[in-house]
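> let me see the structure of the following:
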Amino acid sequence: MFVCLSLVLTACSSDDDNGTNNQQGNGGGESFTAKIDGADFTASTDPATLIGATKSTANGMTVVTAQGSTNSGDFINFNIIGYTGPDTYKTGDNLTNPNQIQYGELAGQSANVWASNLATSAAGIAPGEIVITVDADGKLEGTFSFEGYNAQDMTSKMITQGSFKVSID
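Model prediction:
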């Protein structure tokens, strides 16, 4: 949960494209959308854009993180550890894969989180998938889908039709 909140606070862009959503070429507005058990999820772009991403390299390993949040605090975020550029990255497929993606709903002072990560592979949950299609000019674009598992209440949620277009800070 702390990782999620720190991403929201540090990775969100304060630029709202002056109220426009320019989708031309690689330079348009940011977006982060999905279907959560069939219901629409759209990250906020008003009054501020609550979408962001980072890419960093340490000890020769590149890590990409991205997140989109709603004004009510719900979020989707992912981490790709060992990022090598546009490709398909799995989450929750085995105990040695550190990549993860999760969906969370703010509930008072805490969050309910449904994840696809190394722990969910042991629970028999199907692997998630993050497909990076564009990594150029400070932009990261792609799609995602996963079955998220909440270990606290042993429920799952299907996250489908996920797509993102984020600026890398």
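> in this structure, where is pLDDT below threshold?
1-28 (pLDDT under 70).
> just the residues contacting stretch 112-125, thanks.
Under the criterion Cβ atoms under 8 Å, 6 or more residues apart in numbering, residues 1, 4, 91-105, 127-128, 146-153, 155-157, 159 lie in contact with stretch 112-125. Heads up, the C-betas are built off the backbone N, CA and C, glycines and all.
> if we go to 6 Å?
Around stretch 112-125, the neighbours that count as contacts under Cβ atoms under 6 Å, 6 or more residues apart in numbering are 91-95, 97, 100-105, 128, 146-150, 157.
> that stretch: end-to-end distance?
18 Å (Cα to Cα, to the nearest Å).
> renumber starting at 692 from here on
Got it, first residue is 692 now, which makes that one stretch 803-816.
> list the buried ones in that stretch?
For stretch 803-816, the buried set under the neighbour-count rule, 16 or more other Cβ atoms under 10 Å, comprises Asn803, Val804, Trp805, Ala806, Ser807, Asn808, Leu809, Thr811, Ser812, Ile816.
> likewise stretch 837-853?
Phe837, Glu838, Gly839, Tyr840, Asn841, Ser847, Lys848, Met849, Ile850, Gly853.
> Thr736: which of those residues is nearest?
Gly853 (16.7 Å; Cβ to Cβ).
> now do the SS call for Trp805.
Of the three states, Trp805 takes strand under DSSP: H, G, I helix; E, B strand; the rest coil.
> and it, bridged to which residues?
Tyr794 (DSSP bridges).
> what's the burial count for Pro738?
By other Cβ atoms under 10 Å, 9 other residues sit near Pro738.
> repeat that for the one 10 residues further on.
Residues contacting Thr748 under the criterion other Cβ under 10 Å number 9.
> now the helices for this protein?
Under the criterion DSSP state H, the chain contains helices at 693-702, 809-813.
> gap between the residue nearest the centre of the chain and Ala806?
Closest to where the C-alpha atoms of the chain average out (Cα atoms, centre = their mean) is Asn768, at 2.7 Å. Using Cβ to Cβ, to the nearest Å, Asn768 is found at 10 Å from Ala806.
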